[in-house]
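> Have a look; sequence and predicted model below, questions after that.
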Amino acid sequence: MDYEELTDKLTNFVNNMVKNANANGVVVGLSGGIDSSLVATLCVKALGKDKVLGIIMPEKNSNPMDKEHAELIAKKLGIKYIISDITDILKAFGAGGYVPTREFNKLADGNLKPRIRMCILYYFANKNNLLVAGTSNKSEIYMGYGTKYGDLGSDFLLIGNLFKTEVRELAKYLGIPNEIINKAPSAGLWEGQTDEAELGISYELLDKILIRIEHNMDKESISKELNVPILTIDDILKRIALNKHKSEPLPIPK
Ligand SMILES: Nc1ncnc2c1ncn2[C@@H]1O[C@H](COP(=O)(O)OP(=O)(O)OC[C@H]2O[C@@H]([n+]3cccc(C(=O)O)c3)[C@H](O)[C@@H]2O)[C@@H](O)[C@H]1O
Ligand SMILES: Nc1ncnc2c1ncn2[C@@H]1O[C@H](COP(=O)(O)OP(=O)(O)OP(=O)(O)O)[C@@H](O)[C@H]1O
Ligand SMILES: [Mg+2]
């Protein structure tokens, strides 16, 4: 892939989004992970550092290294950033694991975190006339691997047409620090969570399968070509179908 041309395309896209919305710039949640670091980098390239606001939103169980990486990228880019710890908000919701009497529930309490972060991002978007830059990539969007109205809630998806493996290549090309590129992707919803363990497949293999599904290759041929069990491909196809609702307009009866 021609990464210079891709960078131009993506930066033009951001410029047009902001111009057409009459906005002052963008706000992005900085997790210290590769997706948000790449989105912030591209936005700064497009708009300049004064038009990008970073919000770092750890909670009491977050890995402290992630906050360090988020600050590292914000400082490297020279953008303004705000640290807003969401622990007290989780407590105010009575979230399991954050108030003494309730047990942590991965689905309900885990997803509350990205939903709270989305509210905070829109608060700053409203206040400063900014657009919320989403950070989901194509692999996540296909798999529905994101929280509905949480991290999936944003105004545009700048890297939504890039598979995770392409995100890694573009991040390398744009000089994002290796410690951010090389760590295991994680949503950080519970301790020890990683994308690849939860999805049950590496992004390397997942992307190879998704690319072939996108090109309408039948599952038998994919299985043969990549030497993976048909069951693995069936699981992925099932997951894509089950989660379609996350990336489609809301159903309205005619
Ligand atoms: N067919 C259907 N049509 C319309 N709506 C439907 C639906 N099926 C479920 N729903 C709704 O969707 C809800 C379930 O979706 P959701 O609340 O998103 O929950 P769910 O998909 O179960 O969980 C989110 C997943 O994304 C992962 N995640 C989250 C955040 C960030 C990242 C990351 O990579 O950083 C990953 C997380 O670890 C978990 O595996 C249901 O409670 C229901 O309200
Ligand atoms: N602690 C956090 N502070 C600010 N934003 C966060 C935080 N955790 C998650 N987010 C937001 O949610 C998005 C989704 O998380 P996700 O884990 O998919 O991406 P990432 O952390 O940027 O990359 P990686 O896949 O390498 O972990 C992040 O890109 C970021 O915008
Ligand atoms: Mg992450």
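Looks like it came in fine. Ligands and ions are numbered 1, 2, ... in the order given.
> quick one, what contacts Gly97?
Neighbouring residues of Gly97 by Cβ atoms under 8 Å, 6 or more residues apart in numbering: 61, 103-104, 109. The way it works is simple: take the backbone N, C-alpha and C, and place the C-beta from them, glycine included.
> Most neighbours among these, please name it.
Within these, Asp109 tops the neighbour count with 20 neighbours, counted by other Cβ atoms under 10 Å.
> That residue should be in a helix, yeah?
Yes - the assignment for Asp109 by DSSP: H, G, I helix; E, B strand; the rest coil puts it in a helix.
> Contacts only, for it.
When contacts are counted by Cβ under 8 Å, 6+ apart, Asp109 is found next to 90, 95-98.
> Could you identify the most distant pair in these?
Every pair in the contacts of Asp109 was compared (Cβ to Cβ); the two farthest apart turn out to be Leu90 and Gly96, at 9.3 Å.
> Who has more neighbours out of those two?
Ranked by neighbour count (other Cβ under 10 Å), Leu90 and Gly96 place Leu90 first, with 21 against 17.
> Around ligand 3, which positions in the stretch 151-254 of the chain sit nearby?
Applying Cβ under 5 Å from the ion, we find that the stretch 151-254 of the chain lies next to ligand 3 at Ser186.
> ok and the residue in the stretch 151-254 of the chain nearest ligand 2?
Using Cβ to the nearest ligand atom, the point where the stretch 151-254 of the chain gets nearest to ligand 2 is Pro185, with a distance of 3.3 Å.
> Is that residue in a helix, a strand, or coil?
Pro185 falls in the coil class when you classify it by three-state DSSP.
> May I have the phi/psi pair for it?
phi -60, psi 140 (degrees, to the nearest 10).
> ok, so what distance separates the one residue in the chain that gets nearest to ligand 3 from Lys76?
Each residue of the chain has a distance to ligand 3, by Cβ to the ion, and the smallest belongs to Gly33, at 3.2 Å. The gap separating Gly33 from Lys76 is 15 Å, by Cβ to Cβ, to the nearest Å.
> Out of these two, name the residue with the larger neighbour count.
When Gly33 is set against Lys76 and neighbours are counted by other Cβ under 10 Å, the residue ahead is Gly33, at 23 against 16.
> I'd guessed that one sits against Asp66; true?
Yes - in this structure Gly33 lies within contact range of Asp66 using Cβ atoms under 8 Å: 7.1 Å.
> Can you work out which residues contact both of these two?
Taking Cβ under 8 Å, 6+ apart as the contact criterion, Gly33 and Asp66 have no common neighbours.
> Pull the CA coordinates from stretch 77-87 and hand them back as PDB.
Extracted C-alpha coordinates of stretch 77-87, given in PDB (Å, rounded to 0.1, in the frame of the first residue of the first chain):
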ATOM      1  CA  LEU A  77       1.900  15.700  19.100                       C
ATOM      2  CA  GLY A  78       1.900  18.900  21.200                       C
ATOM      3  CA  ILE A  79      -1.900  18.900  21.600                       C
ATOM      4  CA  LYS A  80      -3.900  20.100  24.600                       C
ATOM      5  CA  TYR A  81      -5.100  17.200  26.700                       C
ATOM      6  CA  ILE A  82      -7.300  16.700  29.800                       C
ATOM      7  CA  ILE A  83      -7.100  13.900  32.200                       C
ATOM      8  CA  SER A  84     -10.600  12.900  33.500                       C
ATOM      9  CA  ASP A  85     -10.700   9.900  35.800                       C
ATOM     10  CA  ILE A  86     -14.100   8.100  35.500                       C
ATOM     11  CA  THR A  87     -13.900   6.100  38.700                       C
END
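> No more questions from me, cheers.
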